[in-house]
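Participant: Below are the sequence and a predicted model for it; my questions follow.
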Amino acid sequence: MAGAKESPLSLKVEIDLEDLRSEKIISFSRQKLSYSERYFAEKLEEHDLTDNLTSLRRHVL
């Protein structure tokens, strides 16, 4: 996870999914997700956070 050092989340030792409710979440758009990417996507869906998700297309040079 990456974020601005000014973010209130940067002061926390641990965050949970509810802490992300007001945050924009950026991920790469890929057809084949790794285990951790798939797990995170499932958790976002379970916690109704998919509206916060923005996908970026990954370009291979």
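Facilitator: Sure thing, it's come through. On a predicted model such as this, the values are computed, not experimentally measured, just so you know.
Participant: switch to C-alpha atoms for all contacts and neighbour counts from now on
Facilitator: OK.
Participant: Show me where the protein has its strands.
Facilitator: 25-29, 53-57 (DSSP state E).
Participant: weakest of those strands by average pLDDT?
Facilitator: Lowest mean pLDDT within the strands of the chain: strand 53-57, at a mean of 72.
Participant: For residue 46, see how far away residue 2 is.
Facilitator: Distance of residue 2 to residue 46, given as Cα to Cα, to the nearest Å: 22 Å.
Participant: who's more crowded, the two?
Facilitator: Taking other Cα atoms under 10 Å, residue 2 and residue 46 do not tie; residue 46 has more neighbours (11 against 7).
Participant: Just the pLDDT for the more buried one.
Facilitator: At residue 46, pLDDT is 91.
Participant: Point out where the chain drops to low pLDDT.
Facilitator: Residues of the chain that meet the criterion pLDDT under 70 lie in 28-30, 56-61.
Participant: if we go to 50?
Facilitator: Low-confidence segments of the chain (pLDDT under 50): 61.
Participant: Next up, the contacts around the residue most central in space within the chain.
Facilitator: Centroid-nearest residue in the chain, with Cα atoms, centre = their mean: residue 25, separated by 4.3 Å. If you count contacts by Cα atoms under 8 Å, 6 or more residues apart in numbering, residue 25 has them with 52-54.
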